Structures are given as structure tokens and as C-alpha cells.
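S.K.: please work out how this folds:
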Amino acid sequence: MNRRTLYELLATTSLAIAGVGGILAGAGAVLQQVISVAAATLCALVFLVPGLYFLGYAQRLKARDLALAHAAAYATARGTLDVKDLDEDLADGRSGGPSPRPLRRTGSVRGGDGRAGTRRTQPVTFRGFIAVDIPPSPPLESLAEQLRTASASLKVVSTDQLHLTVKFLGEAEEGLVPEIMTAIREACADVRPFDVTVRGTGAFPSLSRMNVIWVGVEGAEPIGRIAAALEASLESLGFELERRPWKAHVTLARVKGHRDLDRVRRILETRRDDVFGHHRIDRIHLKKSVLTSGGAQYSIVATVVFGESTTP
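M.R.: Below you'll find the model as predicted:
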């Protein structure tokens with residue numbers, strides 16, 4: 001008999017006796033037998049307290065069993081844990097006794113056991129997005145440094161990683177890269193190299209409540225058409241449809257606190273009409289983002305050159 005069953009039996013017995021005592025106490029009260037009422041009441045209390053304790057302990061054991069079973073099922077599905085240890089935890093009293101409900105094994109999930117055919121393989125993913133690079137320029141460098149020194153609440157993006165995001169993908173499977181690139185090529189089929197102007201500053205959602213600081217991009221209408229085409233084609237691959245209207249902008253900084261933001265607002269208002277560069281846009285990239293201690297680092301997965309075939 002395992003511990004949970006034992007405590008459930010003790011709880012049932014104790015509460016039953018307490019119930020009988022309560023009934024006898026009630027009968028004694030009706031018959032006006034004081035001694036019988038006192039004895040029955042005492043008996044009921046004596047068995048009620050441990051009965052409630054046994055019941056509560058049995059419920060805790062039951063909750064533990066369920067939690068361990070759920071954890072084991074999740075670990076098995078993820079391929080991160082051999083369930084043998086959790087089976088032993090489920091054996092009441094950790095004494096090596098049989099588990100009340102053994103976990104179903106479909107094969108070891110511990111790496112390196114030579115039974116790869118029985119493991120559930122998880123797809124390899126990366127945090128992906130589609131973007132057009134915006135080269136650094138002295139005016140952009142100046143603005144970035146001005147913001148960096150204005151407030152410690154800003155996390156300013158390195159100017160060699162500035163880009164215009166066309167479509168954020170989130171977690172993307174590496175196996176989908178060929179299909180993603182096909183969608184990009186189709187969306188760019190009629191696009192030829194074009195010029196843009198980086199002009200103006202602003203913040204999302206507003207200057208009074210800043211989360212993201214950006215510089216604007218003029219002449220990016222071809223990118224807007226690419227973004228609209230990608231929304232439709234990538235949704236069929238399982239990527240979430242973007243509900244917000246696409247806006248041509250380059251994220252320059254993210255707001256991580258509330259200190260000295262008035263200084264930041266003054267800078268943005270002063271430079272809201274400034275021109276920060278002119279650039280020729282001739283390609284679009286599928287990129288991945290890797291978080292490091294120094295912030296997100298971006299690298300190119302694949303590229304489509306406007307008016308030409310794709311390049312590695």
C-alpha cells in the first residue's frame with residue numbers, strides 16, 4: 001500500500017468515526033444525557049482533527065503526483081530528460097515501490113544513448129526578420145552619440161547595425177528558409193534599385209510616452225509594397241499577420257527607463273526635420289538576431305538583390 005492510499009484510508013476512517021461521534025452527540029442532546037453528549041463530542045473532536053490532517057496530506061501527495069507527471073510528460077515531449085528519475089519520484093515514499101501510474105516511455109530522451117530513432121526531434125529555429133540595411137553616416141553617428149550621452153535610460157543601437165525592418169518573423173524554423181526566400185524573391189520580382197533619404201526623428205508611440213526612438217525614411221514606397229506582399233505569402237507558412245500599418249522607419253534607440261527623457265525629447269524636437277543621409281537601396285536580407293551580453297547581434301542568412309537572382 002503506498003503512502004497516499006494509506007493517508008486517504010486513515011482520513012476516511014477518522015472522519016467517519018468523527019461523524020458517528022457527532023451523531024451520538026446530537027442524539028444525547030435530544031435525550032438530555034449530558035455525559036453522553038460530552039463523551040460523543042470529545043470523540044468527534046479527537047478523530048476530526050487527525051482526519052482533516054490525513055486528508056490534507058493525502059491531497060498534497062496527489063497534487064505532487066500530478067505535477068511530477070505533467071513535468072515528466074513535458075520533458076519527454078521536449079526531449080530534455082530521461083523520465084526514469086521522475087518515475088522514482090512518483091513511487092510513494094521514494095522507497096522504490098511501484099508508481100501508482102507509471103509514465104509511458106516511447107524511448108529514451110537523453111542524448112547520446114544510441115537510440116536516436118526513438119527520440120522526438122525538435123526543429124532548429126532562429127529569431128528571424130526581413131530587412132533592408134541603412135548604412136551609417138556621420139549625421140547618424142552624431143545623433144546616436146547625442147542620444148547616448150543625453151540619458152542612461154536609452155539603449156542606443158550601434159550604427160553599423162541600423163536597418164529598416166520589412167517583416168519581423170519571430171522564431172523561424174531553419175527548414176523554412178528556402179520557402180521564405182522564395183516568398184521574398186516573388187515579392188521583389190518587379191523592384192529595381194532605388195534611392196531613399198533618411199530624414200526626421202520621432203518616437204513610438206509618441207514623444208510624451210516613448211518606447212522606441214526612430215529616424216524616418218523617405219522614398220521607401222517600394223519596400224512598403226514588398227512588405228504588403230510578404231504579409232500574405234508568409235502567413236501561409238505560419239507567420240503571424242502584422243495588424244499594424246507598415247511605417248518606414250529605422251529604430252535608433254529603445255527606452256529602458258525614465259531618467260532624463262526630457263533631454264531626449266528636446267533633441268528629437270530640435271532634429272525632427274534633419275537629413276541624416278541619402279542611400280541607394282539595391283538588396284533585401286533575411287536576417288537572424290542573437291542575443292548577447294552586449295545586446296542583439298544581427299547576421300545575414302540570405303539575400304535577394306533587386307533586379308538580379310538571389311545571392312547566398
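
S.K.: once you drop chain neighbours, what's closest to residue 155?
M.R.: residue 254 (4.8 Å; CB to CB, 6 or more residues apart in numbering). All C-beta atoms are positioned from the backbone trio N, CA, C, and that covers glycine.

S.K.: likewise for residue 295?
M.R.: residue 155 (7.0 Å).

S.K.: next one: the host helix or strand of the residue nearest to residue 155 to chain centre, how far?
M.R.: Following DSSP states H and E, one finds residue 254 within strand 249-255. Distance of strand 249-255 from the chain centroid (CA atoms, centre = their mean, to the nearest Å) equals 22 Å.

S.K.: mean confidence score for it?
M.R.: Taken as a whole, strand 249-255 has a mean pLDDT of 95.

S.K.: cool, stretch 53-66 as well?
M.R.: 68.

S.K.: now do stretch 269-283
M.R.: Here the average pLDDT along stretch 269-283 is 96.

S.K.: so where do the strands sit in the stretch 101-250 of the chain?
M.R.: Secondary structure of the stretch 101-250 of the chain, counting by DSSP state E, counting those that start in this stretch: strands at 125-133, 154-156, 163-173, 194-206, 209-218, 249-255.

S.K.: between the ones you listed, which one is closest to residue 14.
M.R.: Closest of those to residue 14 is strand 163-173, at 53.1 Å (criterion: CB to CB).

S.K.: tell me the angle of the closest one relative to strand 249-255?
M.R.: With axes from the mean of the first three to the mean of the last three CA atoms, to 10 degrees applied, the angle from strand 163-173 to strand 249-255 works out at 80 degrees.

S.K.: what are the buried residues along strand 163-173?
M.R.: 163-167, 169, 172-173 (16 or more other CB atoms under 10 Å).

S.K.: how about stretch 242-252?
M.R.: 246, 248-252.

S.K.: and which of these is nearest to residue 229?
M.R.: residue 246 (11.2 Å).

S.K.: what's around the residue nearest to residue 136 when sequence neighbours are not counted, how many residues?
M.R.: Closest residue to residue 136 apart from its sequence neighbours, by CB to CB, 6+ apart: residue 159 at 3.8 Å. Using other CB atoms under 10 Å, residue 159 is surrounded by 19 other residues.

S.K.: pretty sure residue 159 sits against residue 138.
M.R.: No - using CB atoms under 8 Å, residue 159 makes no contact with residue 138, being 9.8 Å away.

S.K.: where does pLDDT dip in the stretch 101-250 of the chain?
M.R.: 101-121 (pLDDT under 70).

S.K.: tell me what the helix or strand harbouring residue 24 is packed against?
M.R.: Using DSSP H and E, residue 24 sits in helix 3-31. If you count contacts as 3 or more CB pairs under 8 Å, 6 or more residues apart in numbering; DSSP states H and E, helix 3-31 packs onto helix 34-78.

S.K.: now do the same contact list for residue 233.
M.R.: Residue 233 makes contact with 183, 186-187, according to CB atoms under 8 Å, 6 or more residues apart in numbering.

S.K.: can you put the buried residues of strand 163-173 in JSON lines and add distance to residue 228?
M.R.: What follows is these, written out as JSON lines (distance: CB to CB, whole Å):
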{"residue": "163", "distance to residue 228": "19"}
{"residue": "164", "distance to residue 228": "15"}
{"residue": "165", "distance to residue 228": "14"}
{"residue": "166", "distance to residue 228": "10"}
{"residue": "167", "distance to residue 228": "10"}
{"residue": "169", "distance to residue 228": "16"}
{"residue": "172", "distance to residue 228": "20"}
{"residue": "173", "distance to residue 228": "24"}
